[in-house]
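Visitor: Sequence plus the predicted model coming up.
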Amino acid sequence: MASILVINGPNLNMLGRREPEIYGHETLEDIISGLIDLADEYNIRLFDFQSNAEHEIVERIHKAMDDDTDYIIINPAAFTHTSVAIRDALATVDIPFIEVHLSNIHKRESFRHHSYFSDLAEGVIAGLGTKGYRLAFEAAAEKLEES
């Protein structure tokens, strides 16, 4: 059975309470619950992980090699603009991934316009809110079916 790992970075545990005018009212639990339902439809095993700590995300990416993860969906949140360590971890494990952002990072502050991950990613989805996770999952599932 194919498996997809969904990784969420700092402050995403606060979704639903944090700046709902930017990030919406759904919680991270709502997002993951919807992805679990989708994984059941596609017969794909879903792992999820959230951390506010960079080193924990790096370690979880490394662990993805051991648990036979086939695809990663990652919302690095603020680490998008700062983390060479997470970038290096993703490059090291050589597992295809899609980068997701709830808001359109290119319409926000200039420091948010640069991503350390986009050039390595199979795709980038930004600005579509929580729907971006579903689209990323469906794209990953289709890629897994093709392989």
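Guide: Arrived safely, thanks for sending.

Visitor: show me the contacts for Ile22.
Guide: Shown in contact with Ile22 (C-beta atoms under 8 Å, 6 or more residues apart in numbering): 102-103. No exception for glycine: its C-beta is placed from N, CA and C like everyone else's.

Visitor: Could you pull up the mean pLDDT of the helix or strand where it lies?
Guide: For Ile22, the host element (DSSP states H and E) is helix 20-23. What helix 20-23 shows for mean pLDDT is 72.

Visitor: Secondary structure class of Ile74, three-state.
Guide: strand (DSSP: H, G, I helix; E, B strand; the rest coil).

Visitor: How about the contacts made by the nearest residue to it once chain neighbours are set aside?
Guide: Among residues not flanking Ile74 along the chain, Ile7 sits closest, at 4.4 Å (C-beta to C-beta, 6 or more residues apart in numbering). Ile7 is in contact with 48-50, 57, 60-61, 72-76, counting by C-beta under 8 Å, 6+ apart.

Visitor: This protein: helices as residue ranges?
Guide: Per DSSP state H, the chain carries helices over the ranges 20-23, 28-42, 54-66, 84-93, 131-146.

Visitor: follow-up on the earlier one: how much space between the residue nearest to Ile74 and Ile72?
Guide: 6 Å (C-beta to C-beta, to the nearest Å).

Visitor: any shared contact partners between the two?
Guide: With C-beta under 8 Å, 6+ apart, Ile7 and Ile72 have common neighbours Ile61.
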